[in-house]
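# output the structure for:
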Amino acid sequence: MKCLKKKITDVFLRYAIMLLLSVSGLWIFYAIFTPLTIYPTYFLLDLFFGATLSGNIILVKNMFPIEIVEACVAGSAYYLLLILNLSTPNIVLKKRLKIVLESFLALLIINLLRIFFLSIMYVSGSTLFDVTHKIFWYFANILFILCIWFFMVKSFKLKEIPFYSDLKFFFNLQKKANKSKHTKKNK
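Got it, this is the predicted structure:
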């Protein structure tokens, strides 16, 4: 019974964290990842082309402004990775934190490379910039998140399925409760 209460508490705690973060407007993700996105991007562009930084705008070669907006930072993508992590049961806290940190780092690196690659296209005047930007915006970002998550599942040998495993746990719990009630009625 103690183990059951612990498991139920774990589920509610994980989902409460997800809910609290969503209600907050995801500001925490943007507060953390905006500078982690802007400064390395600026550093790379300055290293290769010469750039200046003013707030969230990087001016490349004194003529190409690149504005890093919230969509570029992808705060909701970090939140989605956290949702996948928190909605997966039976992960000890230390392992859960390691998965979160590694998945966030992977997404940050991919995102920095994406912004840098698109910036190079923009600065060089590539006619494919708009279509490439749209492909990244509509399709590639989702693919990146899924690849990162599946990589984490494989690397950390996760056996549970986000959301489904928790629903299955409660369904089985309800099934046992109904069976117990039915057994007591027949006695």
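
# Met121 sits in which helix or strand?
Here Met121, judged by DSSP states H and E, is contained in helix 93-123.

# what are the buried residues along that helix?
96, 99-100, 102-104, 106-108, 110-112, 114-116, 118-123 (16 or more other Cβ atoms under 10 Å). Heads up, the C-betas are built off the backbone N, CA and C, glycines and all.

# report the rounded mean pLDDT for stretch 37-47.
Stretch 37-47 comes out with an average pLDDT of 97.

# who touches that stretch?
51-53, 56, 58, 60, 66, 68, 72-73, 108, 111-112, 115-116, 119 (Cβ atoms under 8 Å, 6 or more residues apart in numbering).

# neighbours around Phe129, how many?
When counting by other Cβ atoms under 10 Å, one arrives at 16 neighbours for Phe129.

# quick one: it and Val123 touch, right?
No: in this structure, Phe129 is not within contact of Val123 by Cβ atoms under 8 Å, at 9.5 Å.

# now the two most distant members of the contacts of stretch 37-47.
Spatially, the most separated pair among the contacts of stretch 37-47 is Thr52 and Leu108, at 23.0 Å (Cβ to Cβ).

# give me the pLDDT value at Ala16.
93.

# which positions within the helix or strand harbouring it qualify as buried?
In this structure, Ala16 sits in helix 2-23 according to DSSP H and E. By neighbour count on 16+ other Cβ under 10 Å, the buried set for helix 2-23 is Val11, Arg14, Met18, Leu21.

# now those residues in TSV, with distance to Tyr164?
TSV is the format used below for the buried residues of helix 2-23 (distance: Cβ to Cβ, whole Å):
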residue	distance to Tyr164
Val11	13
Arg14	14
Met18	15
Leu21	21
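
# pull out the buried residues from the helix or strand of the chain with the lowest mean pLDDT.
Lowest by mean pLDDT, DSSP states H and E among the helices and strands of the chain is helix 164-186, with a mean of 80. By 16+ other Cβ under 10 Å, the buried positions in helix 164-186 come out as Ser165, Asp166, Phe169.

# same thing with stretch 20-40?
Buried, per 16+ other Cβ under 10 Å, within stretch 20-40: Leu21, Phe29, Tyr30, Phe33, Thr34, Thr37, Ile38, Pro40.
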